[in-house]
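K.L.:
model the following, please.
(one chain, ligands or ions: 2)
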Amino acid sequence: MKKPWESFSATSAFFDPLIKQMVNRWVLLLPAMNLCHWYLRSGGCTMCGFNCPKSSKQQYAWIARYFGARALHFVYWLGYLGVKDQNPQNLTIYNGGSFLNSGHEVFGSKPEIPLSLQIAICRHIGRHPTIQKLFVESRPEFITSSNIALLGDLLKGKTLQVGIGLESRDDRVRNKILRKGIDIGNFRRAIATLKGHGAKSLAYVFLKPMGLGESEAIVDAVRTIQFCFETGVDEVSLSCAFIQNGTEMCRQYRNGSYKLPQLWSIIEVIKQTAHLGPVRIGTFEDDPKPIDIPHNCPACTESVNRAIDRYRDSFDISLFSQLSCPCRELG
Ligand code: SF4
Ligand SMILES: [Zn+2]
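P.N.:
Ligands and ions are numbered 1, 2, ... in the order given. Reported below is the predicted structural model:
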């Protein structure tokens with residue numbers, strides 16, 4: 001029988017390119033006090049399904065609504081009890097929004113993760129015998145000198161890494177097509193703030209936004225990855241489009257005006273950027289479960305996916321050199 005924490009807390013092997021080794025990663029899906037700040041303010045990004053009614057985020061929103069911040073502390077400790085004996089080396093927290101939004105950083109924002117819990121987690125990790133790194137996600141406006149300094153102190157020299165969804169360097173693609181509402185200057189400031197306090201950064205780069213053909217999408221992703229490393233980002237994760245119900249991207253996919261990227265395009269982006277710095281390939285799984293994911297023709301999809309999986313565990317681009325199929329030339 002499934003244990004009570006297994007749906008939101010688990011460990012698995014994971015390649016960390018910043019230390020070039022496999023680590024035992026604890027992934028915790030943490031409910032938040034409120035939905036993503038940007039979703040509440042604007043309706044959210046056009047490809048994001050985290051806030052859709054069917055997402056577990058919406059389904060578990062009652063926990064914080066009825067029991068307040070203490071319930072989130074309880075979820076954290078229950079999740080920890082479930083993985084404690086597995087000696088995790090890395091804690092990755094996904095809250096489907098901004099972990100660093102405590103309600104104090106941006107005027108008028110509703111808190112996602114209360115400061116008391118941010119502090120409790122960092123204090124715990126700072127004293128933990130095996131966990132060496134905490135990874136969280138945040139929009140750039142919630143990354144401030146004071147919260148990064150405070151959390152960094154509590155972590156006592158362990159690594160803090162913050163993932164930011166830049167998605168595209170191009171203002172039109174990022175803010176009109178994907179509706180991210182991210183100012184490029186604010187992104188640069190956030191990266192500099194993290195660096196200034198010895199924290200690491202990761203930028204999510206999106207492949208393939210709506211309205212861009214296959215080759216335009218490759219160019220957009222390659223240029224964005226170049227920009228990220230020039231700006232001082234430590235690691236990039238290529239977020240390959242997949243379809244989740246309830247998004248604008250899903251609407252265009254259903255009416256035939258949007259097609260998912262091919263696996264070949266993912267490989268092309270990696271080949272053109274791997275020399276610049278570590279570029280991860282994001283998985284094609286999420287919550288809610290995607291209804292379609294990137295693929296090639298039926299003859300090669302499985303073998304190319306296998307190579308992509310092996311790349312995720314090694315960042316070795318030579319895995320892609322032997323792959324071929326007639327569908328690659330057809331585009
Ligand atoms: S992608 Fe991130 S910022 Fe955009 S709506 Fe989803 S959770 Fe919020
Ligand atoms: Zn093929």
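K.L.:
show me the strands in this protein, by range?
P.N.:
Counting by DSSP state E, the chain has these strands, from start to end: 9-16, 21-29, 90-94, 133-137, 159-167, 200-207, 235-240, 279-281.
K.L.:
count of residues packed around the residue in the stretch 201-331 of the chain positioned nearest to ligand 1?
P.N.:
Nearest to ligand 1, among the residues of the stretch 201-331 of the chain, is Y204, at 8.6 Å (CB to the nearest ligand atom). Heads up, the C-betas are built off the backbone N, CA and C, glycines and all. Look at Y204: counted by other CB atoms under 10 Å, it has 18 neighbours.
K.L.:
tell me how far V27 lies from S201.
P.N.:
For V27, the distance to S201 (CB to CB, to the nearest Å) stands at 19 Å.
K.L.:
then C325?
P.N.:
C325 sits at a distance of 36 Å from S201 (criterion: CB to CB).
K.L.:
so between those two, which is more surrounded?
P.N.:
S201 (25 against 16).
K.L.:
I figured that one hits V162, correct?
P.N.:
Yes: because the distance of 5.9 Å satisfies CB atoms under 8 Å, S201 is recorded as touching V162.
K.L.:
lowest average confidence, helix or strand, in the protein?
P.N.:
Confidence across the helices and strands of the chain bottoms out at helix 56-59, with a mean of 80, counting by mean pLDDT, DSSP states H and E.
K.L.:
in JSON lines, list the strands of the chain along with distance to ligand 2 and mean pLDDT.
P.N.:
Supplementary listing: these in JSON lines, determined by distance: least, CB to the ion, whole Å; pLDDT from 0 to 100:
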{"stretch": "strand 9-16", "distance to ligand 2": "26", "mean pLDDT": "97"}
{"stretch": "strand 21-29", "distance to ligand 2": "30", "mean pLDDT": "97"}
{"stretch": "strand 90-94", "distance to ligand 2": "32", "mean pLDDT": "98"}
{"stretch": "strand 133-137", "distance to ligand 2": "34", "mean pLDDT": "98"}
{"stretch": "strand 159-167", "distance to ligand 2": "27", "mean pLDDT": "98"}
{"stretch": "strand 200-207", "distance to ligand 2": "18", "mean pLDDT": "98"}
{"stretch": "strand 235-240", "distance to ligand 2": "17", "mean pLDDT": "98"}
{"stretch": "strand 279-281", "distance to ligand 2": "18", "mean pLDDT": "98"}
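K.L.:
turn those strands into CSV, including distance to A149.
P.N.:
Output for the strands of the chain, formatted as CSV (distance: least, CB to CB, whole Å):
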stretch, distance to A149
strand 9-16, 24
strand 21-29, 24
strand 90-94, 19
strand 133-137, 15
strand 159-167, 11
strand 200-207, 15
strand 235-240, 22
strand 279-281, 27
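K.L.:
out of these, the one nearest L178 is which?
P.N.:
Between L178 and the strands of the chain, the shortest separation by CB to CB is 5.3 Å, and it involves strand 159-167.
K.L.:
how far is that closest one from where the chain is centred?
P.N.:
In terms of CA atoms, centre = their mean, to the nearest Å, the gap separating the centre of strand 159-167 from the centre of its chain is 7 Å.
K.L.:
direction included, what does it pair against?
P.N.:
When pairs are called by DSSP bridges, strand 159-167 turns out to pair with strand 133-137 (parallel), strand 200-207 (parallel).
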